[in-house]
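Undergrad: next input, structure requested:
(one chain, ligands or ions: 1)
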Amino acid sequence: MLTVTPLPAFDDNYIWALQVAHIHGAYVVDPGDANVVIDFLDQAQMPLLGVLITHHHHDHTGGIAQLLSHYGSNTPVYGPLKENIAGVNQPVSATKNLQLHNIELNAEVIEVPGHTLGHIAYLIEDVLFCGDTLFSAGCGRLFEGSPEQMLASLTQLSNIVDSTKVCCTHEYTLANLAFANAVDPSNKQLRQYTEQAQQLRAANTPTLPSSIALEKAINPFLRSHTEEIRNSLADKFQQPIIDNVKSFALLRQWKDNF
Ligand SMILES: [Zn+2]
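TA: Down below sits the predicted model:
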């Protein structure tokens with residue numbers, strides 16, 4: 001039984017804390033700011049069991065050094081083998097059988113290039129930590145990878161069990177939903193979710209975790225192959241949309257300029 005807690009950091013990041021029933025302590029995911037983590041653990045009077053890193057951007061890695069000096073340099077810090085990140089002492093690549101130190105839990109590491117080339121996601125029981133790859137109602141910008149790579153990465157994530165909780169690292173949901181409604185205006189579930197998300201944000205409550213089932217229903221970047229999205233793209237770009245990669249690339253381009 002896992003518990004996940006989003007710890008707000010910077011303007012719109014979440015550092016996720018992961019706790020396992022009957023185990024004292026927590027893992028944290030993408031600690032861009034060490035003080036946020038230390039405050040949380042101090043208040044809960046818990047030790048830090050380990051760190052999971054999804055990709056090299058500073059807002060995800062900036063707290064590693066301070067956490068290692070505060071909790072000890074033997075604290076396990078997992079991170080992508082393909083990215084050179086200071087402080088990562090457990091570099092990992094795609095595997096279904098990662099044994100996490102201190103918690104006897106099995107994690108699956110999924111390689112999801114696109115936002116960065118070495119970006120990884122962690123699937124631990126029914127929880128997915130996907131960094132800046134899949135957001136609620138959106139996806140990460142393509143800083144390093146190609147549309148083809150990102151589409152393949154998102155397709156891998158969309159094939160995970162529907163009930164899986166999606167823990168992404170930014171509260172971008174309302175801005176993503178504004179775009180989603182513009183490109184997928186006849187999607188009723190999208191409209192319902194937009195109302196829910198607006199209420200949550202008005203109460204300063206996180207919209208996350210989301211779920212794979214919800215994202216498949218409302219996220220235009222998981223729906224770029226559908227007739228609805230393709231029709232919107234054809235209207236917007238005044239050209240026939242004939243393949244999935246082209247459809248995804250134009251959708252990402254539209255969002256970048258939205
Ligand atoms: Zn990033």
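
Undergrad: which parts of stretch 72-83 are buried?
TA: Buried residues in stretch 72-83, counting neighbours by 16 or more other C-beta atoms under 10 Å, are found at 75, 76, 77, 78, 79, 80, 81, 82, 83. (Each C-beta comes from the backbone N, C-alpha and C, glycine too.)

Undergrad: show me what the fourth one bridges to in the sheet.
TA: When bridges are called by DSSP bridges, residue 78 pairs up with residue 52, residue 90.

Undergrad: my guess is it contacts residue 92. True?
TA: Yes - counting by C-beta atoms under 8 Å, residue 92 is a contact partner of residue 78 at 5.4 Å.

Undergrad: any residues in contact with both of the two?
TA: residue 98 (C-beta atoms under 8 Å, 6 or more residues apart in numbering).

Undergrad: for residue 104, report the pLDDT, please.
TA: For residue 104, the model assigns a pLDDT of 86.

Undergrad: residue 235 now?
TA: On the pLDDT scale, residue 235 gets 96.

Undergrad: any idea how far the ion is from it?
TA: 31 Å (C-beta to the ion, to the nearest Å).

Undergrad: which helix or strand contains that residue?
TA: helix 227-237 (DSSP states H and E).

Undergrad: which helices and strands sit right next to that helix?
TA: Packing partners of helix 227-237 (3 or more C-beta pairs under 8 Å, 6 or more residues apart in numbering; DSSP states H and E): helix 173-183, helix 244-256.

Undergrad: with mean neighbour count and mean pLDDT added, can I get those helices in a markdown table?
TA: Output for the helices and strands packed on helix 227-237, formatted as a markdown table (neighbours: other C-beta atoms under 10 Å; pLDDT from 0 to 100):
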| stretch | mean neighbour count | mean pLDDT |
| --- | --- | --- |
| helix 173-183 | 20 | 98 |
| helix 244-256 | 19 | 97 |
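
Undergrad: what parts of the stretch 101-250 of the chain come near the ion?
TA: Neighbours of the ion within the stretch 101-250 of the chain, by C-beta under 5 Å from the ion: residue 132.
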